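A.B. asks: Pasted the sequence and its predicted model underneath.
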Amino acid sequence: MRPIRIVRGHVLTGGAFASTDVAIADGLITDSLGATADALTIDAQGLHVLPGIIDIHGDGFERLLHPRPAVAIDPLIALLEADRQFISNGITTAYHSVTWSWEGGTRGAEAALSILEAIAALRPHMLADTRYHLRHETYNLDAEQVILDWIEEGRIDCMAFNDHMAGTIKQRHRPDKMAGMITRSGLSEAQFHALIERVHARADEVPASIARLAAAARRAGLPMLSHDDMTPQMRGWYREHGCVIAEFPINVETTEAAADAGDPIVFGAPNVIRGGSHTGCPSAAAMAARRLCTVLASDYYYPALPLAPFRLSALGILPLAEAWGLVSSGPAHALGLNDRGRIEPGLRADLVLIEERSPLPPRIVGTICGGRLAYMSNAGRVVSGG
């Protein structure tokens with residue numbers, strides 16, 4: 001792997017920006033390359049040099065797998081395209097958030113397994129460090145043994161507990177709300193409503209199933225998230241089972257309870273760039289202003305991740321150095337990734353070079369993943385070694 005020097009950049013290191021150079025060798029950030037003649041030099045004058053983005057929860061790949069409701073694309077093709085989107089958006093570590101639900105269809109067992117197998121097959125060919133984030137619908141009781149096997153075999157990288165049954169029960173008589181779920185399932189309307197009744201009838205079995213899965217995940221050292229916590233009590237129950245990451249808490253009270261306990265708190269980057277939640281949940285920008293958000297995720301839109309910290313900075317909510325931590329050091333801490341998320345000697349060389357262009361959005365100029373130059377939008381920035 002060819003050494004790299006990044007020179008004349010505005011580098012985020014030690015929690016602040018400094019005009020300094022960055023040296024990379026053998027995939028790691030290093031103190032100096034000395035007189036190494038074959039180093040690739042990148043001129044970063046006028047650019048921010050930032051830690052690579054870590055996406056704790058991204059499901060934008062679903063639209064690559066199914067660009068239209070009745071159209072399916074081979075997972076190998078779709079996930080390679082997702083990898084290209086990652087690096088062009090500065091995402092160097094990506095957790096594909098894969099929902100395995102009782103609904104079946106595009107969120108059923110076959111789909112969850114196909115993505116798992118595709119990621120395993122493609123890892124040697126991907127530029128971003130790509131991982132499997134299993135979103136387990138808690139009423140999907142029939143999946144429990146398979147998931148326990150996957151955990152024991154080390155096939156998944158983090159796990160979230162989701163419960164969308166309560167909302168489904170409330171909305172089941174509203175065709176406008178149910179149409180998407182029914183289409184995904186591949187069932188008729190009558191068949192889907194019968195499925196809801198059968199699955200919901202087993203509600204009493206759900207807490208014990210969650211406890212068994214969480215215990216297995218704790219033994220395996222898997223990071224765990226609880227999704228859409230509705231109350232402080234719900235957040236506390238999941239915390240007791242080792243789910244210390246609060247993902248998209250749906251109200252301020254629950255968010256405050258998570259913060260009081262020291263839990264990492266995830267909100268969506270699209271929430272920031274759109275100016276609020278599209279579902280009526282807390283404003284991510286408002287939560288960031290109160291230091292009640294420690295992680296931003298791409299959620300359904302990868303380009304939001306590099307843009308959101310700059311938006312928070314432009315609005316005067318957070319200084320850029322702190323805002324960038326929401327997409328780098330924050331998720332690294334939450335996920336236990338101690339080898340990345342900061343620009344320091346000895347850490348994995350994941351970096352992104354960004355040009356700030358007000359009033360235009362910031363532009364990704366280059367991305368380095370694991371010490372490899374993975375993306376460069378301006379070849380004139382690359383200078384030969386020697």
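C.D. replies: Noted; the coordinates are in hand. Residues are numbered from 1 along each chain as shown.

A.B. asks: all helices for the stretch 1-150 of the chain, in order.
C.D. replies: 61-65, 75-88, 109-122, 144-152 (DSSP state H, counting those that start in this stretch).

A.B. asks: Show me the contact partners of the third one.
C.D. replies: What that stands for is helix 109-122. Outside helix 109-122, the residues that touch it by Cβ atoms under 8 Å, 6 or more residues apart in numbering are 61, 65, 75-76, 79-80, 83, 96, 98-100, 105, 130-132, 134, 143, 146, 150, 155-156. To be clear about C-beta, it is placed using only N, CA and C from the backbone, and glycine gets the same treatment.

A.B. asks: residues near Glu189, how many?
C.D. replies: If you count neighbours by other Cβ atoms under 10 Å, Glu189 ends up with 12.

A.B. asks: Test my guess that it contacts Met181.
C.D. replies: No: counting by Cβ atoms under 8 Å, Met181 is not a contact partner of Glu189; they are 10.4 Å apart.

A.B. asks: what do these two both touch?
C.D. replies: Common neighbours of Glu189 and Met181 (Cβ under 8 Å, 6+ apart) do not exist.

A.B. asks: Please name the residues that touch the closest residue to Thr130 other than its chain neighbours.
C.D. replies: Using Cβ to Cβ, 6 or more residues apart in numbering and skipping the chain neighbours, the partner closest in space to Thr130 is Ala94 (5.1 Å). With contact set as Cβ under 8 Å, 6+ apart, Ala94 has these partners: Asp55, Gly58, Ala82, Asp83, Phe86, Ala128, Asp129, Thr130, Arg131.

A.B. asks: Tell me the pLDDT of Ala94.
C.D. replies: Ala94 is assigned a predicted lDDT (pLDDT) of 98.

A.B. asks: Tell me how far it lies from Gly330.
C.D. replies: When distance is defined by Cβ to Cβ, to the nearest Å, Ala94 is 16 Å away from Gly330.

A.B. asks: how about low-confidence regions in this protein?
C.D. replies: Scanning the chain for pLDDT under 70 picks out 34-37, 384-386.

A.B. asks: Please, where are all the helices along the stretch 151-300 of the chain?
C.D. replies: Taking DSSP H, counting those that start in this stretch as the criterion, the stretch 151-300 of the chain carries its helices at 165-171, 175-185, 189-200, 206-220, 232-240, 252-260, 269-274, 284-289.

A.B. asks: Could you dump the ones you listed into JSON lines with distance to Asp31 added?
C.D. replies: Formatted as JSON lines, those follow (distance: least, Cβ to Cβ, whole Å):
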{"stretch": "helix 165-171", "distance to Asp31": "52"}
{"stretch": "helix 175-185", "distance to Asp31": "51"}
{"stretch": "helix 189-200", "distance to Asp31": "57"}
{"stretch": "helix 206-220", "distance to Asp31": "35"}
{"stretch": "helix 232-240", "distance to Asp31": "40"}
{"stretch": "helix 252-260", "distance to Asp31": "37"}
{"stretch": "helix 269-274", "distance to Asp31": "33"}
{"stretch": "helix 284-289", "distance to Asp31": "33"}
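
A.B. asks: which one of these has the most crowded surroundings?
C.D. replies: Highest mean neighbour count of the helices of the stretch 151-300 of the chain: helix 269-274, a mean of 24 (counted as mean count of other Cβ atoms under 10 Å).

A.B. asks: How far does that one sit from its chain's centre?
C.D. replies: 14 Å (Cα atoms, centre = their mean, to the nearest Å).

A.B. asks: Return it as PDB; C-alpha atoms alone will do.
C.D. replies: Output of helix 269-274 as PDB, limited to C-alpha atoms (Å, rounded to 0.1, in the frame of the first residue of the first chain):
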ATOM      1  CA  ALA A 269     -28.800  13.600   9.500                       C
ATOM      2  CA  PRO A 270     -31.700  14.200   7.100                       C
ATOM      3  CA  ASN A 271     -33.600  15.600  10.100                       C
ATOM      4  CA  VAL A 272     -30.800  18.300  10.300                       C
ATOM      5  CA  ILE A 273     -30.700  19.300   6.600                       C
ATOM      6  CA  ARG A 274     -34.500  19.300   6.200                       C
END
